[in-house]
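S.K.: Kindly generate the corresponding structure for this input.
(one chain, ligands or ions: 2)
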Amino acid sequence: MGAIPLIDGTAGARLPVKPAFGSPCNGCGYCCAQEPCAVAREFVGAGEDGPCPALEREDGRFVCGMIVRPIFYIGRAAGLDGAADAAPSAEDAAIGGQIAEALGAGRGCDADDP
Ligand code: SF4
Ligand code: SF4
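M.R.: Ligands and ions are numbered 1, 2, ... in the order given. Sure thing, here's the model as predicted:
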């Protein structure tokens, strides 16, 4: 396995190990740490290399910030200030749901095995 980019916010915690391709996603964060997706490149200002700036950690697993609070990340990419820890709004939930659908969230691990 190659080197995995350092992910902020883990406070030294042991991270979940990536499951096999097609297995249920366990929130290990490997995919988004390795290479930002198309959503991240278009809306978050991410480049070719990971980790994705929208990768968040919650309850011991990584979650996609563009699903949880997309308005914050889209605004930040546009140079607007915003509170990263603000409670997600109803609009976040509506937009985030569409992004989750587009990303295939809940359909299992789609990252190639290292
Ligand atoms: S899709 Fe796979 S690599 Fe990505 S967080 Fe889920 S389990 Fe980890
Ligand atoms: S936008 Fe979400 S799914 Fe895409 S790389 Fe970033 S954290 Fe991962």
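S.K.: Which pLDDT value belongs to the residue nearest to the spatial centre of the chain?
M.R.: Centroid-nearest residue in the chain, with C-alpha atoms, centre = their mean: residue 64, separated by 2.9 Å. For residue 64, the model assigns a pLDDT of 96.
S.K.: Beta-bridge partners for it, please?
M.R.: Residue 64 has these beta-bridge partners by DSSP bridges: residue 55.
S.K.: which residues touch it?
M.R.: 32, 54-56, 99-100, 103, 105 (C-beta atoms under 8 Å, 6 or more residues apart in numbering). Bear in mind the C-beta positions are built from the backbone N, C-alpha and C, glycine included.
S.K.: Distance-wise, check it relative to residue 48.
M.R.: Plainly put, residue 64 is 18 Å away from residue 48 if you go by C-beta to C-beta, to the nearest Å.
S.K.: Would you state the helices of this protein in chain order?
M.R.: Here the chain has its helices, by DSSP state H, at 30-34, 38-39, 65-68, 70-77, 90-103.
S.K.: what's the closest of those to residue 113?
M.R.: helix 30-34 (9.7 Å; C-beta to C-beta).
S.K.: wait, residue 104 sits on residue 39?
M.R.: No. With contact defined as C-beta atoms under 8 Å, residue 104 does not count as touching residue 39 (11.1 Å).
S.K.: So these two - more neighbours on which side?
M.R.: residue 39 (19 against 10; other C-beta atoms under 10 Å).
S.K.: contacting residues for the residue nearest to that one when sequence neighbours are not counted?
M.R.: Closest residue to residue 39 apart from its sequence neighbours, by C-beta to C-beta, 6 or more residues apart in numbering: residue 66 at 5.6 Å. Shown in contact with residue 66 (C-beta under 8 Å, 6+ apart): 39-40, 43-44, 54, 73, 96, 99, 103.
S.K.: out of those residues, which are buried?
M.R.: Buried by 16 or more other C-beta atoms under 10 Å: 39-40, 43-44, 54, 73, 96, 99, 103, out of these.
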